[in-house]
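Trainee: Sequence and predicted structure are below.
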Amino acid sequence: MIAAENINITKAERSKLKDINLENIPFGKYFSDHMLEMDYEDGEWKNPEIKPYQPLLMDPSLAAIHYGQSIFEGIKAYKNEAGEAFIFRPLDNYKRFNISAERMQMPQVPEDIFMEGMRLLVELDKNWIPQQKDHALYIRPFMFSSDHMIGVRPSEKYKFMIILSPTGPYYSAPMRIYVEEHYVRAVPGGVGYAKAAGNYGAAMYATAEAKKKGYDQVLWTDAFEHKFVQECGTMNVFFIIGNKAITPGLETGTILAGVTRDSVITVLKEMGLDVEERRLNIDEIIEAHKAGQLKEVFGTGTAATISLIKELRYKDYVMEFDVDTWKTAPAVKDQLNAIRYGRVPDTHGWMQKI
């Protein structure tokens with residue numbers, strides 16, 4: 001085990017921030033001055049360091065490229081009105097990161113390196129945190145196998161890194177969603193609950209097909225009946241039906257246990273709504289829509305935060321919504337933002353101060 005205080009820090013000679021305008025910045029295009037890097041060799045983590053952001057030198061036989069042992073997380077840092085920096089629920093992401101690592105036969109990352117390394121990195125680059133509405137500093141921890149070999153087996157070497165990216169909204173407008181009936185994102189016993197890189201690569205074809213039809217993303221359904229809804233693109237999904245909020249449950253192992261999802265559930269309950277985490281059939285959703293009981297549909301995620309869905313299509317049945325009249329999703333978003341930007345007390349202990 002390496003103590004967090006042994007993280008070596010080398011500062012960049014010049015900040016790139018002078019060349020970038022953080023207003024209305026697109027998601028994931030720019031990266032801050034520094035990154036954290038650490039190697040796993042001979043059964044232990046070694047050489048943790050924070051250094052200037054730079055390219056990696058990789059061998060063509062790098063195991064991660066060939067066999068996909070790669071996981072990541074998404075976390076955000078915010079500034080309050082006083083300019084103080086906070087990270088939103090990083091310990092929850094750390095725990096989920098190691099759940100993904102276990103599923104992908106990768107080593108556990110020590111908590112002190114993950115948490116303190118992240119804190120030191122964000123502290124060093126805290127000037128990169130935008131203070132505009134719906135903006136934040138996106139934190140991307142990731143790990144990949146770094147053996148130089150061809151052969152299907154867990155790697156003996158790994159690299160853990162954290163990079164930072166100032167960002168605006170991931171989805172800037174309400175979305176049109178196509179219910180996917182052929183391609184699947186995850187199956188019971190698979191890696192759907194892990195934040196594995198391959199999950200996202202495998203989703204791109206179906207998403208591209210939906211975009212050809214004029215839709216922004218797909219709502220995934222189960223692999224057997226194509227009836228039970230799962231995730232929506234890269235997000236968890238919520239349906240306000242009557243006076244209840246319903247979101248697909250986690251029990252099948254096909255859905256990522258989203259940190260934003262969990263936060264939204266907490267806020268919805270505090271708002272007085274009943275929240276159900278369970279299997280949800282697309283037929284039940286359609287019946288609710290026909291009865292005038294399907295009030296709102298929205299996605300949740302670290303990148304997306306709260307994303308409104310203005311249209312949902314299943315086969316030839318189209319459900320359209322007037323998002324301007326919605327109350328619940330905007331109220332949840334406002335409350336989460338109020339907590340993240342320090343406008344209301346953080347009664348849940350979600351914000352870790354830098």
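Mentor: Here it is on my side, so go on. Predicted model, so just to flag it, every value in this text is computed and none were measured.
Trainee: Relative to Ile285, how far out is the residue with the largest distance to the centre of the chain?
Mentor: In the chain, Ala291 marks the outermost C-alpha relative to the chain mean, sitting 33.5 Å out by Cα atoms, centre = their mean. For Ala291, the distance to Ile285 (Cβ to Cβ, to the nearest Å) stands at 11 Å. Every C-beta, even on glycine, is put in place using the N, C-alpha and C of the backbone.
Trainee: so what secondary structure elements neighbour the biggest helix by length in the chain?
Mentor: Ranked by residue count, the top helix of the chain under DSSP state H comes out as helix 197-212. Using 3 or more Cβ pairs under 8 Å, 6 or more residues apart in numbering; DSSP states H and E, the elements in contact with helix 197-212 are strand 70-72, strand 217-221.
Trainee: Against Met104, how distant is the residue farthest from the centre of the chain?
Mentor: The spacing between Ala291 and Met104, counted by Cβ to Cβ, is 43 Å.
Trainee: Please apply the same query to Ser146.
Mentor: From Ser146 to Met104 the distance is 14 Å (Cβ to Cβ).
Trainee: Arg343: what's it in contact with?
Mentor: Asn80, Glu81, Asn337 (Cβ atoms under 8 Å, 6 or more residues apart in numbering).
Trainee: Same check on Lys269?
Mentor: Val275.
Trainee: Tell me the first helix or strand C-terminal of the helix or strand hosting it.
Mentor: For Lys269, the host element (DSSP states H and E) is helix 259-270. Once the chain leaves helix 259-270, the next helix or strand it forms, by DSSP H and E, is strand 274-277.
Trainee: Only the buried residues of that following strand, if you could.
Mentor: Across strand 274-277, burial judged by 16 or more other Cβ atoms under 10 Å covers Val275.
Trainee: Check the burial of the closest residue to Lys126 other than its chain neighbours by counting its neighbours.
Mentor: Nearest residue to Lys126 in three dimensions, chain neighbours excluded: Ala85, at 4.5 Å (Cβ to Cβ, 6 or more residues apart in numbering). The number of residues packed near Ala85 is 21, by other Cβ atoms under 10 Å.
Trainee: for Ala245, same thing?
Mentor: By other Cβ under 10 Å, 25 other residues sit near Ala245.
Trainee: do Glu225 as well
Mentor: Counted with other Cβ under 10 Å, Glu225 comes out at 10.
Trainee: how is this structure carved up into domains?
Mentor: Annotated domains of the chain cover 4-168, 175-335 [automatic domain parsing].
Trainee: about what we covered before: please report phi then psi for the residue farthest from the centre of the chain.
Mentor: phi -90, psi 0 (degrees, to the nearest 10).
Trainee: any idea how far it is from Asp42?
Mentor: Computed as Cβ to Cβ, the Ala291 to Asp42 distance reads 62 Å.
Trainee: Lys159 contacts Met38, doesn't it?
Mentor: Yes: between Lys159 and Met38 a contact is recorded at 7.3 Å, counting by Cβ atoms under 8 Å.
Trainee: Which one's more surrounded, these two?
Mentor: The neighbour count for Lys159 versus Met38, taken as other Cβ under 10 Å, is higher for Met38 (23 against 19).
Trainee: Helices along the stretch 51-200 of the chain, start to end?
Mentor: Assigned by DSSP state H, counting those that start in this stretch, the stretch 51-200 of the chain shows helices spanning 63-67, 90-103, 111-124, 197-212.
Trainee: tally of neighbours for the nearest residue to Phe72 once chain neighbours are set aside?
Mentor: Excluding the flanking residues, the one nearest Phe72 by Cβ to Cβ, 6+ apart is Phe142, at 3.8 Å. Residues near Phe142, counting by other Cβ under 10 Å, number 17.
Trainee: Sweet, I'm off.
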